[in-house]
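# just the structure for this:
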Amino acid sequence: MTTGLQLALGAGALVSLGVVLLVMRLMPAEPDLAEALGRLTPTRSRAHLLATATATSGKERAGVWAMKTLPAAMWVRTPSRELAILRIPLAHFYGDKLAFAGLGLVIPPLLAWFFDLIGLGLPIAVPPLASLGLAALMFFMPNYNAIDDARKARLEFARALGAYIDLVALERNNGSGVRQAMESAAEVGDSWVFSRLAEELTRSRWSGLPPWDALHTLADELGLPELDDFADIMRLSGEEGASIYTTLRARSAAMRTAMLNDEIAEANAVGERMTIPGSLLGVIFMALLVAPSLLRMFSNT
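Numbering: from 1, shown residues only. You can find the predicted model right below:
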């Protein structure tokens, strides 16, 4: 059995490791020139760039080591599209998984040591089993976080894309070309969505690809069907010279209507869930009113 001194030394080592990792995380990192130039290379996809990004922190270095050493089946499922839209490198994601799993391994022994200090000893088999179970559970926490954050990011992207489509329609109505309209509209906004679109259009310009093909690729990699539909409309205008002002305005209006309907449905679902606590409060209040009478009745009998 481990002694209190060993546990104290282990806890001190973990705290020191946490301080070191925090300092490494806060240290300024120099930009990677190869990574910046790779973003403009048409033959390299964003998924490849995320997978081969240079590690700049201790967590990412641990992720790189895990990618090279541990078997691929250990990760079960990697949410590639979610990581791509969040721009989280695979090394950082795997480092997060290892950090969460390590935290799950450490927490039960520390709690067992604390309970032992206050006189509430646990069976010797409980801490190891709890460590394995909690580590396995927390190992998948980054997956859940990535999926949830990506869902919010896709919703934000769809909202900004509706405004972007309106701007492109106005640019086309003013006589701008297809590429000029798309690039000018992307330069209007300062959100991450407009910056992402502007970056993709810049990549397509330097690589010589049509802008709608670049947006098709982005939509496939990030799982954005609305962007894919917009790219189809722009392809029709660019290749056949069709007038798309009315089509673009109708598409943006349909997107806003669909999002409004989703928000109304979500609000209705939340409202229905809110009736449950109210009903329970009503039952408790009625029980408090009836309880004295019932007690007197049973006491008289």
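
# quick one: buried residues of stretch 100-117?
By neighbour count on 16 or more other C-beta atoms under 10 Å, the buried set for stretch 100-117 is 100-102, 104-109, 112-113. All C-beta atoms are positioned from the backbone trio N, CA, C, and that covers glycine.

# check the offset of that stretch from the chain's centre.
With C-alpha atoms, centre = their mean, to the nearest Å as the basis, stretch 100-117 stands 28 Å off its chain's centre.

# same thing with stretch 214-230?
Centre to centre, stretch against its chain (C-alpha atoms, centre = their mean), the figure for stretch 214-230 is 18 Å.

# then stretch 60-71?
Averaging C-alpha positions (C-alpha atoms, centre = their mean) puts stretch 60-71 21 Å from its chain's average.

# what's the domain layout of the chain?
Here the domain parsing of the chain from the TED database is 154-244, 245-300.

# for those domains, which has the smallest mean pLDDT value?
When the domains of the chain are compared by mean pLDDT, domain 245-300 comes last with a mean of 78.

# packing partners of the helix or strand hosting D262?
Taking DSSP states H and E as the definition, D262 sits inside helix 245-300. Helix 245-300 sits against helix 141-173, helix 225-240, with contacts defined as 3 or more C-beta pairs under 8 Å, 6 or more residues apart in numbering; DSSP states H and E.

# so can I have a markdown table of the ones you listed showing mean neighbour count and distance to G282?
Output for those, formatted as a markdown table (neighbours: other C-beta atoms under 10 Å; distance: least, C-beta to C-beta, whole Å):
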| stretch | mean neighbour count | distance to G282 |
| --- | --- | --- |
| helix 141-173 | 18 | 34 |
| helix 225-240 | 18 | 44 |
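
# please identify which of those is closest to E183.
helix 141-173 (9.2 Å; C-beta to C-beta).

# next, count neighbours for D190.
8 (other C-beta atoms under 10 Å).

# checking it next. Helix, strand or coil?
coil (DSSP: H, G, I helix; E, B strand; the rest coil).

# gap between it and R196?
12 Å (C-beta to C-beta, to the nearest Å).

# pLDDT wise, what is L5 at?
With respect to pLDDT, L5 has a value of 49.

# and A153, by the same measure?
pLDDT at A153 comes out at 90.

# in this structure it contacts I85, no?
Yes. Counting by C-beta atoms under 8 Å, A153 does reach I85; the two are 5.2 Å apart.

# got the buried residues for the helix or strand hosting G133?
Taking DSSP H and E as the criterion, G133 maps to helix 126-139. With burial defined by 16+ other C-beta under 10 Å, the residues of helix 126-139 counted as buried are 127, 130-131, 134-135, 138-139.
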